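Q: Would you be able to build a 3D model of this:
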Amino acid sequence: MKLPKFKTLKIYLFLVTSLVFFAFCSGPKTEEAKLTYAPEVPPHIDRSSEAKVIVNMETVEVVGRLADGVEYTFWTFGGSVPGPMIRVREGDEVEFHLKNHPTSKMPHNIDLHAVTGQGGGAAASLTIPGHASKFSFKAINPGLYIYHCATSPVGMHIANGMYGLIFVQPKEDLPKVDKEYYVVQSEFYTKGKNGEPGLQPFSMEKAITEIPDYVVFNGSVGSLVEDRAITAKVGETVRLFVGNGGPNLVSSFHVIGEIFDHVYTEGGILPNQKNVQTTLIPAGGSAIVDFKVEVPGTLILVDHSIFRTFNKGSLGMLKVEGEANATVYSGKQDDTVYLPEGPAIQRMVTEVKPKTSAKTPKEILANGERVYKSVCAACHMKEGQGVAGVFPPLAKSDYLNADKSRAIQVLQKGLSGPITVNGQKYNNVMPHLELTKEEIASVLSYVYNNWGNKGMMVNEMEVK
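A: Numbers count the residues shown, from 1 in each chain. Down below sits the predicted model:
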């Protein structure tokens, strides 16, 4: 039967409209990437299809905290070190917009190790202050990748803080976990030595000779400790996306008090090792580590090139709350006396005699606080409370308050052998710390003027 002409036209229009509608709806969706700042990780991508993802990022040069009392002019992506973490899905088309803030003094660009193409996008994204650039790439290879600035001199741009992570989430997804965190290790090279206060400039000489003053997580000393620590609950699974911005050192990443159940070495997507204590992360590389927390406590993130951790800053905390499990970990069960044969071994060092410098009481106490936090707090605790039977208290200390000269000698030469502090016996070794006269005077003044002590000041002339 032949249809009337108007019905044929209606059917034709319906089919055309339907084809246009389905073609439009079946095309890739467009979305803006949610960028997050360390230690936060962007949300999991739940879609099962590819998309066009818009990434907007700004380079800006800012003055910020490197350590207590120490400031630094950071060159940054997004105003932070590390830069924001990016998460896309395997197969996505990524449209990248890079803006360089008008106040910047340098041109900047971005080299994403996730990009297949010349310079990882560096040439396409070179942007002078007050301008913006755009380029696109296909996220072909899943994995965890470093990105960094690659404008000449490349090492200087990286050393000043220009790096971060991009995670290309695989189509065949990683196993789900309860908590995810973003951690990047890097080094800083300053004209002044570690802890020297004030605004510190970059030292090219130290960077070339690979002698950093600071090795840190997430851009500064103490960025992941105390109230800034990451958290979990007993029984939860934790995934750390760990990068190494370098620019020079290889990281020996370790979490004290845990064992990695799975390690995705060098940022790949295969969990190719189980039950790992420490994993190497090369400069400009990454790793994904998964583990389940079994008992409560504070787990310590470190670079196990250990002087970097306790003397240069690569220390973070994961605070775990929940019920204790004595089967997994008992805590201390006994404390007995051990009397080894032979004398204690002591190290003799040559006394350092730096120049003295006059300071106001306020400056002395501020400097003393800085020295205390960087040198003394690890043993004697944040508020001088010490550790019973191990490290004597400095708070309300009868030992310190009784003899200022003796306290100075302890910091100058170290201490070994039995002492009694506030009625409690201690028999430990305090090593010679190689502090300057100024640092000894400052830190003792700080201790004497806090935590119920006598309020005395120590000047450099007393430190003979």
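Q: Which parts of the stretch 201-350 of the chain are helices?
A: With DSSP state H, counting those that start in this stretch, the ranges of helices along the stretch 201-350 of the chain come out as 204-208, 307.
Q: Quick check: mean pLDDT of the longest one?
A: When pLDDT is averaged over helix 204-208, the result is 97.
Q: Out of the helices of the stretch 201-350 of the chain, which gets nearest to E32?
A: Closest of the helices of the stretch 201-350 of the chain to E32 is helix 204-208, at 35.8 Å (criterion: C-beta to C-beta). All C-beta spots, glycine's among them, are computed from the backbone N, C-alpha and C.
Q: For the closest one, list every residue counted as buried.
A: For helix 204-208, a neighbour-count test (16 or more other C-beta atoms under 10 Å) marks K206, A207 as buried.
Q: for that helix, packing partners?
A: Packed against helix 204-208, as judged by 3 or more C-beta pairs under 8 Å, 6 or more residues apart in numbering; DSSP states H and E, are the following elements: helix 154-159.
Q: can you do 10 Å?
A: helix 154-159, strand 179-188 (3 or more C-beta pairs under 10 Å, 6 or more residues apart in numbering; DSSP states H and E).
Q: I'd like a version of these in a markdown table, one that adds mean pLDDT and distance to N244 as further columns.
A: Shown next, in a markdown table, are the helices and strands packed on helix 204-208 (pLDDT from 0 to 100; distance: least, C-beta to C-beta, whole Å):
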| stretch | mean pLDDT | distance to N244 |
| --- | --- | --- |
| helix 154-159 | 98 | 11 |
| strand 179-188 | 98 | 5 |
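Q: tell me the most buried of these?
A: Of the helices and strands packed on helix 204-208, the one with the most neighbours on average (mean count of other C-beta atoms under 10 Å) is strand 179-188, at a mean of 25.
Q: which regions of the stretch 351-464 of the chain lie under the pLDDT threshold?
A: For the stretch 351-464 of the chain, the stretches with pLDDT under 70 are 351-358.
Q: just so I have it, where are all the helices in it?
A: Under DSSP H, counting those that start in this stretch, the stretch 351-464 of the chain gives helices at 361-371, 377-380, 398-402, 404-413, 437-448.
Q: could the ones you listed go into TSV alongside distance to N194 and mean neighbour count?
A: Converted to TSV, the helices of the stretch 351-464 of the chain look like this (distance: least, C-beta to C-beta, whole Å; neighbours: other C-beta atoms under 10 Å):
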stretch	distance to N194	mean neighbour count
helix 361-371	11	19
helix 377-380	14	16
helix 398-402	26	15
helix 404-413	18	17
helix 437-448	12	24
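Q: and of these, who's closest to H113?
A: Across these, the minimum distance to H113, taken as C-beta to C-beta, is reached by helix 377-380, at 35.2 Å.
Q: which helices and strands sit right next to the closest one?
A: Checking 3+ C-beta pairs under 10 Å, 6+ apart, helix 377-380 ends up next to strand 424-430.
Q: how about the helices of the stretch 201-350 of the chain in CSV, adding distance to T36?
A: Output for the helices of the stretch 201-350 of the chain, formatted as CSV (distance: least, C-beta to C-beta, whole Å):
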stretch, distance to T36
helix 204-208, 29
helix 307, 32
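Q: Could I get the full set of strands for the stretch 251-400 of the chain?
A: 251-256, 260-264, 273-276, 278-281, 285-292, 297-303, 315-321 (DSSP state E, counting those that start in this stretch).
Q: In CSV: those strands, plus mean pLDDT and mean neighbour count.
A: Listed next are the strands of the stretch 251-400 of the chain as CSV, based on pLDDT from 0 to 100; neighbours: other C-beta atoms under 10 Å:
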stretch, mean pLDDT, mean neighbour count
strand 251-256, 98, 22
strand 260-264, 98, 21
strand 273-276, 97, 14
strand 278-281, 98, 18
strand 285-292, 98, 22
strand 297-303, 97, 20
strand 315-321, 97, 20
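Q: could I get those strands as CSV with distance to R65?
A: Converted to CSV, the strands of the stretch 251-400 of the chain look like this (distance: least, C-beta to C-beta, whole Å):
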stretch, distance to R65
strand 251-256, 22
strand 260-264, 31
strand 273-276, 33
strand 278-281, 25
strand 285-292, 25
strand 297-303, 19
strand 315-321, 16
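Q: Relative to V375, which of the ones you listed is closest?
A: For V375, the closest of the strands of the stretch 251-400 of the chain is strand 315-321, at 13.6 Å, according to C-beta to C-beta.
Q: Dump the closest one to PDB, restricted to CA.
A: Provided in PDB are the C-alpha atoms of strand 315-321 (Å, rounded to 0.1, in the frame of the first residue of the first chain):
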ATOM      1  CA  LEU A 315      59.100  12.700  57.100                       C
ATOM      2  CA  GLY A 316      55.300  12.300  57.000                       C
ATOM      3  CA  MET A 317      52.700  10.700  59.200                       C
ATOM      4  CA  LEU A 318      49.700   8.400  58.700                       C
ATOM      5  CA  LYS A 319      47.600   8.400  61.800                       C
ATOM      6  CA  VAL A 320      45.500   5.200  62.300                       C
ATOM      7  CA  GLU A 321      42.600   5.000  64.700                       C
END
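Q: quick one, that strand and strand 179-188 angle?
A: Calculated by axes from the mean of the first three to the mean of the last three C-alpha atoms, to 10 degrees, strand 315-321 forms an angle of 160 degrees with strand 179-188.
Q: name the helices or strands packed onto strand 315-321?
A: Strand 315-321 packs on strand 179-188, strand 214-217, strand 230-233, strand 237-246, strand 251-256, strand 297-303, going by 3+ C-beta pairs under 10 Å, 6+ apart.
Q: what's the closest of these to H101?
A: Closest to H101 of the helices and strands packed on strand 315-321 is strand 237-246 (C-beta to C-beta; 20.6 Å).
Q: Pipe the helices of the stretch 351-464 of the chain into TSV and attach distance to I140 per row.
A: TSV is the format used below for the helices of the stretch 351-464 of the chain (distance: least, C-beta to C-beta, whole Å):
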stretch	distance to I140
helix 361-371	48
helix 377-380	46
helix 398-402	63
helix 404-413	58
helix 437-448	53
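Q: nearest to E32, of those?
A: Closest among the helices of the stretch 351-464 of the chain, once you apply C-beta to C-beta, is helix 361-371, at 41.8 Å.
Q: In terms of secondary structure, what does that closest one contact?
A: Here helix 361-371 touches helix 437-448, going by 3+ C-beta pairs under 10 Å, 6+ apart.
Q: Restricting the selection to alpha carbons, write the helix it packs on to PDB.
A: Extracted in PDB, the C-alpha atoms of helix 437-448 (Å, rounded to 0.1, in the frame of the first residue of the first chain):
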ATOM      1  CA  LYS A 437      77.400  28.900  69.400                       C
ATOM      2  CA  GLU A 438      74.500  31.000  68.200                       C
ATOM      3  CA  GLU A 439      72.300  27.900  67.900                       C
ATOM      4  CA  ILE A 440      73.300  26.600  71.400                       C
ATOM      5  CA  ALA A 441      72.500  29.900  73.000                       C
ATOM      6  CA  SER A 442      69.200  30.300  71.100                       C
ATOM      7  CA  VAL A 443      67.900  26.800  71.800                       C
ATOM      8  CA  LEU A 444      68.800  26.800  75.500                       C
ATOM      9  CA  SER A 445      67.200  30.200  75.800                       C
ATOM     10  CA  TYR A 446      64.100  28.900  74.200                       C
ATOM     11  CA  VAL A 447      64.000  25.800  76.500                       C
ATOM     12  CA  TYR A 448      64.600  27.900  79.600                       C
END
